[in-house]
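Engineer: Whatever this is, show me its structure:
(chains A and B)
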There are 2 protein chains.
Amino acid sequence: MAFEKITREEDYSKWYNNLVKDADLAEHSAVKGCMVIKPYGYAIWEKMQAQLDKMFKDTGHSNAYFPLFVPKSLFEAEEKNAEGFAKECAVVTHYRLKTDPENDAKLIVDPKAKLEEELIVRPTSEAIIWNTYRGWIESYRDLPILVNQWANVVRWEMRTRLFLRTTEFLWQEGHTAHATRQEAIDETTKMLHVYADFAEQFMATPVIKGVKTENERFAGADDTYCIEGLMQDGKALQMGTSHFLGQNFAQAFDVKFTSKEGKQEYVWATSWGVSTRLMGALIMTHSDDEGLVLPPKLAPIQVVIVPIYRGEEQLEIISKKALEIKSDLEKIGVSVKFDDRDTFKPGYKFAEWELKGVPLRIAIGPRDLEKGTVEIARRDTKEKTAYQINDLSGKIEHLLESIQENLYLKAETFRDNHITLVNTWEEFQEVLETKTGFISAHWDGTGETEEKIKELTKATIRCIPFDTKEEKGTCVFSGNPSNQRVLFAKAY
Amino acid sequence: MAFEKITREEDYSKWYNNLVKDADLAEHSAVKGCMVIKPYGYAIWEKMQAQLDKMFKDTGHSNAYFPLFVPKSLFEAEEKNAEGFAKECAVVTHYRLKTDPENDAKLIVDPKAKLEEELIVRPTSEAIIWNTYRGWIESYRDLPILVNQWANVVRWEMRTRLFLRTTEFLWQEGHTAHATRQEAIDETTKMLHVYADFAEQFMATPVIKGVKTENERFAGADDTYCIEGLMQDGKALQMGTSHFLGQNFAQAFDVKFTSKEGKQEYVWATSWGVSTRLMGALIMTHSDDEGLVLPPKLAPIQVVIVPIYRGEEQLEIISKKALEIKSDLEKIGVSVKFDDRDTFKPGYKFAEWELKGVPLRIAIGPRDLEKGTVEIARRDTKEKTAYQINDLSGKIEHLLESIQENLYLKAETFRDNHITLVNTWEEFQEVLETKTGFISAHWDGTGETEEKIKELTKATIRCIPFDTKEEKGTCVFSGNPSNQRVLFAKAY
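Structural biologist: Predicted coordinates for the structure are as follows:
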């Protein structure tokens, strides 16, 4: 392994980049800003996908697939109510290459193959989907439409980081259509809770649920709800958003329905999404200086068995026992790798599986077998304990649950210790620079103050938490009256 | 339902188009040549995906993800050994739109945001993947690489048909790297067999396994293996291909490894893929004039229960029984829909679920309950039979198996009756125009003859079947000597 050992303390950003590369999660590609998700990284994403997909289906949603391209004119329709929408996107202008007449080995764009209307590679699919929904919706009987799409999207990013911000990324985008405002708001809330449950129960990452300010809202939305996580370096990370879109897209794309009362009304909409960015959140919530730490529920390999042996004969005896253990564990749904490669020594294997975040490592040597024990090492606490081989499955199941819980509690404690109530501007700056984390402070409610704070400190309002209590106070920056605290932080 | 009833006899092509639309499988989108896969169609594709993915993993493959875009220069590297590669593809030339200075409501491509090097939306990923593999492979220890990708690809098609030929389509592409020629050939063969098993055991579609002629081969391949199905109109459909790529891509992208003997050698490659085209094959193999017919193993809904009732009271009693049956069936893994919509009559529901190809329909009325029976209708044979409610699950499990088998046998009989041995050119033309299907004929082995036959009749050599026997004869067209028969057909 070429793991260039840099600690989080030394350089958090470099530590992250090295970890993503060295744990075989992802790498940069030949296309600027686009990543290759390697098999081990993709296996984690697949576990996330499978669980989220189940949660979407359990809440009544179906998957569908809409085109990768969006004709430019559809963005013009949307633009009217979404002026803030980013225009940095990949534009397809031609549909053919040809051999360069001046150089046989080169290809050039065929000027004869220019598109009449440019196509945009989808940065998000509201436009193409609402243009399609117009044909699907006539009456209230056609509602609600509860559709999700797993897809790749492209946003032309200038500064990219693997998983956290890439030009192309993978995501899911839910797009629902409803007969009433209240039903759409309920859906927006429901899906935010699905995201929060996923983050907490599967990623073992505690999140704060809240509402974005107008400045931070999705351009086409009436309201954007979000879940915000806190990374180990004290920076916040937006992990998912759920948008109440009002009737904005229905108006832009003329999507009306006949109500039970026979009236023509515009349809109410929501959209919600999480992306491969969650991989970045997962890595930065739990990992340590030795490498990745994975919550058992998302680990592609939950248990690795490493044999300690000299010679073929010892290996054979140990292998027999190891394969028994593997088979027992697989019966109860635990994924196990038996690492019997003869090209590497145990110490190397230990370090490699630590780097890759496998929750439990079982080492079996000849003396263990004599004593009827194995040594089990926990990735999270690094504790090593000898366990009797009898009923190992039950013990391991219990250990995996314990790791899942421990990771959550550790992250929660860190997060809770990094929400600081602040009442003065001096304190605000001080906490932001030294302690870091979330700052709970009064804000006067104006976009102007929000912008100024951002300019001065790079801190943004992450959200107005759902559970915020009404509390009279004065804005930490302007001194103007305020009714509630909001959460500020520097963020990814 | 707006099912415009056109029989297969009247107009097969129109019948297909109507069916895809009316059964809610897919529709055309605002983007020329690109389709929207609707929830019901996508649910069938998801079942295909899940099964194929399992089969890939059972044979040792992992999934990964590579960029959507391929820099033009990578195609130039590949072009040297793949001159035949189609240049009809979507070309990204710019990365930003801007508001038209002459019209606020319009967007134009920002001329300042021109890419230095154009990006091609992947038509297939050999180039970007082999450019990546160069960094992954140093020694024989890094081999084999057994990777698959589920992705969207784009090929600029002039004439498109839903599922069968679309500009954007969904597929999987396996890309493997091996130390030896033999290992790569074995992989190519193994994956073709995986495809054939999937087609026959899950799609209930019999296929012929064989090798493509040089003319029909993938441009970058040394050999292309394929599975060919036969549709009800007597046209063949290529359902999957598996390519032995030799060292072509390794040479183009300079991918070498150090062998066990310490020598630098080029890596051997395969690639293999199936796409949403399989949806077209599935539809055209089994469906009838009433609509879709789905093999139970790929049906999103395997059993639909329709209550026959008057008034709330009857509905309540029937619902109780229906939900019991549903719950029993779900326990043994059968997917069931209880269609208790009060906005439609039973006759309408019967026709709708027939159109959507649900394998079994259970009707329950008050008289059935008195007698302790239900009426079960098979979608494939349209037989209706009264069954005792006792142990209904076992009977339904058996019926589903029977439908799966019956569909396969029916398709196999049709296919076998449509392979015609032909020895003269007159017969060839006659069979092609009247009987249709596969023609087994002698061919002199030249691309020239193959081309001429194609020009004259539109028939192509679908494959040289793996199980072809050596047999002396004379070419059906040129009269030159031939050693074996090959399969001709008109094809999608």
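
Engineer: what's the spacing between the residue of chain A most remote from its centre and A:Ile108?
Structural biologist: The C-alpha centroid of chain A is most remote from A:Glu102, which lies 47.6 Å away (C-alpha atoms, centre = their mean). Distance, A:Glu102 to A:Ile108, by C-beta to C-beta, to the nearest Å: 9 Å. Just so you know, the C-beta spots here come from the backbone N, C-alpha and C atoms, and that holds for glycine as well.

Engineer: Spell out the residue ranges of the helices in chain A.
Structural biologist: A:12-22, A:39-58, A:72-79, A:126-136, A:181-201, A:248-252, A:277-286, A:311-331, A:346-355, A:366-371, A:392-417, A:425-430, A:447-457 (DSSP state H).

Engineer: which residues touch the fourth one?
Structural biologist: For helix A:126-136, the surrounding residues in contact (C-beta atoms under 8 Å, 6 or more residues apart in numbering or on different chains) are A:66-67, A:70, A:74-75, A:77-78, A:122, A:142, A:145, A:147, A:149, A:175, A:177, A:220, A:245, A:249-250, A:252-255, A:267, A:269, A:271, B:27, B:29-31, B:36.

Engineer: Just the buried residues of stretch A:101-119, please?
Structural biologist: A:107, A:109-110, A:113, A:115, A:118-119 (16 or more other C-beta atoms under 10 Å in any protein chain shown).

Engineer: That one near chain B at all?
Structural biologist: Yes: applying C-beta under 8 Å from any C-beta of the partner chain, one finds stretch A:101-119 touching chain B at A:105-107, A:109-110, A:118-119.

Engineer: Before we move on, what's the pLDDT of A:Phe85?
Structural biologist: pLDDT recorded at A:Phe85 is 60.

Engineer: The one 5 residues further on too?
Structural biologist: Looking at A:Ala90, its pLDDT stands at 97.

Engineer: ok, it - contacts?
Structural biologist: Contacts of A:Ala90 by C-beta under 8 Å, 6+ apart are A:120-121, A:154, A:156, A:167, B:69, B:92, B:94-95, B:119.

Engineer: how about it, phi and psi?
Structural biologist: Per-residue torsions, A:Ala90: phi -80, psi 130 (degrees, to the nearest 10).

Engineer: list the contacts for the residue in the stretch 301-450 of chain A positioned nearest to chain B?
Structural biologist: As assessed by C-beta to the nearest C-beta, chain B sits closest to A:Thr343 within the stretch 301-450 of chain A, at 6.3 Å. Taking C-beta under 8 Å, 6+ apart as the criterion, A:Thr343 is in contact with B:Arg141.

Engineer: What are the phi and psi values at it?
Structural biologist: Dihedral angles for A:Thr343 - degrees, to the nearest 10 - are phi -90, psi -10.

Engineer: what's the lowest-pLDDT member of the residues of stretch A:101-119 next to chain B?
Structural biologist: Per-residue pLDDT puts A:Ala105 lowest of these, at 85.

Engineer: For the nearest residue to it once chain neighbours are set aside, grab the count of nearby residues.
Structural biologist: Closest residue to A:Ala105 apart from its sequence neighbours, by C-beta to C-beta, 6 or more residues apart in numbering or on different chains: B:Glu76 at 6.3 Å. Using other C-beta atoms under 10 Å in any protein chain shown, B:Glu76 is surrounded by 18 other residues.

Engineer: My guess is B:Glu76 contacts A:Lys106. True?
Structural biologist: Yes: contact criterion C-beta atoms under 8 Å: B:Glu76 and A:Lys106 qualify, at 5.9 Å.

Engineer: OK, now which residue of the stretch 101-250 of chain A is nearest to chain B?
Structural biologist: A:Trp156 (4.3 Å).

Engineer: My read is that that residue contacts A:Val121, right?
Structural biologist: No: applying C-beta under 8 Å as the test, A:Trp156 and A:Val121 come out as separate, 9.4 Å apart.

Engineer: between the two, what contacts are shared?
Structural biologist: With C-beta under 8 Å, 6+ apart as the test, A:Trp156 and A:Val121 both reach A:89-90.

Engineer: higher neighbour count, the two?
Structural biologist: Of the pair A:Trp156 and A:Val121, A:Val121 is the one with more neighbours under other C-beta under 10 Å, namely 26 against 23.

Engineer: Who is that one paired with across the strands?
Structural biologist: Counting by DSSP bridges, A:Val121 is bridged to A:Phe69.

Engineer: where does the stretch 51-200 of chain A dip in pLDDT?
Structural biologist: Residues of the stretch 51-200 of chain A meeting the criterion pLDDT under 70: A:79-86.

Engineer: run the last query once more with 90
Structural biologist: Where the stretch 51-200 of chain A drops to pLDDT under 90, the residues are A:76-87, A:99-100, A:103-105, A:157-158.

Engineer: With the stretch 251-400 of chain A instead?
Structural biologist: Using pLDDT under 90, the stretch 251-400 of chain A drops low at A:343, A:390-391.

Engineer: how about the residues of it near chain B?
Structural biologist: A:Thr343.

Engineer: One more pass at 10 Å, please.
Structural biologist: A:276, A:300, A:341, A:343-344 (C-beta under 10 Å from any C-beta of the partner chain).

Engineer: Now rank the residues you listed by neighbours and give me the top one.
Structural biologist: A:Thr276 (25 neighbours).

Engineer: just checking, it touches A:Glu46?
Structural biologist: No: counting by C-beta atoms under 10 Å, A:Thr276 stays clear of A:Glu46, with 11.4 Å between them.

Engineer: what's around the closest residue to A:Val334 other than its chain neighbours, how many residues?
Structural biologist: Once flanking residues are discounted, A:Val334 sits nearest to A:Gln302: 5.2 Å by C-beta to C-beta, 6+ apart. Burial of A:Gln302 is recorded as 23 neighbouring residues (other C-beta under 10 Å).

Engineer: Thought A:Lys356 was touching A:Gln302, still the case?
Structural biologist: No: when contacts are counted by C-beta under 10 Å, A:Gln302 is not listed as touching A:Lys356 (11.9 Å).

Engineer: residue boundaries of the strands in the stretch 101-250 of chain A?
Structural biologist: A:103-109, A:114-121, A:145-154, A:168-178, A:208-211, A:223-230, A:236-246 (DSSP state E, counting those that start in this stretch).
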